[in-house]
Structures are given as structure tokens and as C-alpha cells.
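J.: After the sequence you'll find the predicted model.
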Amino acid sequence: MTAPTAVLQLDHITRHRAGRPAVTDLSLQLDSGQVLGLLGVNGAGKSTTLAMVAGALVPDKGSIQLNGKDFVEHPELARRAIGWLPERAPMWPELTVSEHLDAHGRLRGLHGAALAQASRKIIERLELGSLARRLAGVLSQGQRQRLGLACALLHEPSLLVLDEPANALDPVQVAALRGVIREQAAAGTAIILSTHLLAEVTAACDRVAILHEGQLRYDGPIKDDDHRMLEQTFFDIAMRGDENSDRMQAA
Ligand SMILES: Nc1ncnc2c1ncn2[C@@H]1O[C@H](COP(=O)(O)OP(=O)(O)OP(=O)(O)O)[C@@H](O)[C@H]1O
């Protein structure tokens, strides 16, 4: 029996920003249905990593494979197979919520009846019905975040990339987001999300990767009751740059 192909495979990727290394020699693999939390202090390289994974930044070195194909050579794959919620999701203030979904759907290869059906489905699922005709420019931050998530999910991507997805959400919306993440993972979507919140990782993820100064310092499974261990490991790495924390042993 052959091993299943990873949805996402990062091999030794490096990216400089403003002449300085932002991410260095990072390798990671993510399988279908896995939820990986990317943790790190400000400036650790999380957003840079996710922008490369989403196809918005090209690595200086190394390769990224999506469903077994190099996506620097096949950028159209990224557009169709990836849903990306950036840290500050760009919006056109003069377009309505529905118009945003239309525009995103077209970019991702949806048209006609398939696009209309996908829009209806995601509007219902994320409870955006009452906002469908509202202009993006007048949405609250939390509503914008929900629209960004709807745009990321619209085309049923095989890889979902979420940069600080709980930002600006109230506790009810955070719980709803966790539900959506769980449902997507159960349906086979591979998910990578970044956060500053350790609780977000233990609640929503089954694996954690800790970045520090652009380097991967930890990658291992996580369970609900691992919160204290995770906290200690995170602080060891963040405060002391401890590369060999023995509090959590990666599998
Ligand atoms: N647009 C940019 N231009 C120049 N340097 C950048 C840019 N964006 C990020 N950097 C630098 O790259 C490094 C990694 O930043 P990145 O935003 O990836 O980290 P992060 O872990 O996502 O941080 P945060 O949690 O604050 O969002 C930092 O040193 C940062 O200053």
C-alpha cells in the first residue's frame, strides 16, 4: 500500500524580507484532515510562512508542494485548491458581501450556477444572510473577519490557511469558528492556522509547530489536556530560545 500524498509539503523554505531572514530552512508536512497550529511571538515568521503557503510570497529557496505538485511551477493550483484568510483580509469597501463572494468565487474558478450555489451555502453556514447586501466598508471588524472566512471557504479548498482567524471575533464567534474548523477537518480539509493564543491551539488543533526567529523549534501532536505543557514549551522557546525543550517531546 502506498502512503497517502501530503496535501502540503514544505521543503527547506527560506524567505528574506527587507534584506533580513524572516523564515529560514523550514520543512513541514500537512496531511488531509489535520489541523496544524503555528505559534510564535510577534515577528517569529508566522505570516511570512502562511503567505508562502498561500502562494502570495515566493520562497527564496526551497520548494512547496500542494497535493504532490510544485506550486511555484503551477500557480493556478494555489488559486483553486487553497483558501486563505490573511491577517488583514483586503476588502473593497464599495462592494457588498455578496459581491465579494462572487469576485472571490470567480478568482477561484467558480462560475454560473456552481458559484451561486456555493455562495448560498457559505452565506447560510456562516450566518451572513442579514449582511449579504451590506457594503464591506461598513462592516464591523468581526463581520469583516467572517466575510474573509467565507471567501476562504467558498470554493471548498483542500488546504485552508488562516492567519490569526480569531482576531476581532467575540467569544460566540470564536466558538463558531472552532466548529467550522472541526467540520472542515472532518471533511478532509488540511488546515494551517497561526495564532498568539495557546488556548486556540489546544482547542482547535491536533498538532502544533512553534516558530522562533524564523526557525521551526517544535513540531508535534497536541491534545486537549496539553495546555500547561504547551505553555511551558512555548515560553522556554520564546524566552530562552531553547531548541531542546524536554517538556514536550515531538513524535
Ligand atoms: N512587509 C514586510 N516588509 C519587510 N519586512 C517584513 C514585512 N513583513 C514582515 N516583515 C519582517 O519579517 C519578519 C517576520 O514577520 P512576520 O510578520 O512573518 O511574523 P509574525 O510571526 O507573523 O508576527 P506577528 O505575530 O506580529 O504578526 C519580521 O522581522 C518582520 O519585521
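T.: In hand now; what should we look at?
J.: OK, contacts around Cys177?
T.: Not Cys; residue 177 is Leu. Leu149, Pro165, Ala166, Leu169, Ala204 (CB atoms under 8 Å, 6 or more residues apart in numbering). From N, CA and C alone the C-beta is placed, and that goes for glycine too.
J.: State whether it is indeed within a helix.
T.: Yes. Counting by DSSP: H, G, I helix; E, B strand; the rest coil, Leu177 is found in a helix.
J.: will you turn the contacts of Leu177 into TSV that also has pLDDT and neighbour count?
T.: Below are the contacts of Leu177 laid out as TSV (pLDDT from 0 to 100; neighbours: other CB atoms under 10 Å):
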residue	pLDDT	neighbour count
Leu149	95	26
Pro165	92	28
Ala166	90	22
Leu169	87	18
Ala204	90	25
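J.: Could you dump those residues into a markdown table with distance to the ligand and secondary structure added?
T.: A markdown table is the format used below for the contacts of Leu177 (distance: CB to the nearest ligand atom, whole Å; DSSP: H, G, I helix; E, B strand; the rest coil):
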| residue | distance to the ligand | secondary structure |
| --- | --- | --- |
| Leu149 | 18 | helix |
| Pro165 | 13 | coil |
| Ala166 | 13 | coil |
| Leu169 | 17 | coil |
| Ala204 | 17 | helix |
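J.: The stretch 101-250 of the chain: strands as residue ranges?
T.: 159-163, 190-195, 207-212, 215-221 (DSSP state E, counting those that start in this stretch).
J.: Quickly run through the sheet partners of the last one, with directions.
T.: If I follow you right, that is strand 215-221. Strand 215-221 sits in its sheet next to strand 207-212 (antiparallel), going by DSSP bridges.
J.: Can you give the distance of the strand it pairs with from its chain's centre?
T.: 13 Å (CA atoms, centre = their mean, to the nearest Å).
J.: Thank you kindly, that will do.
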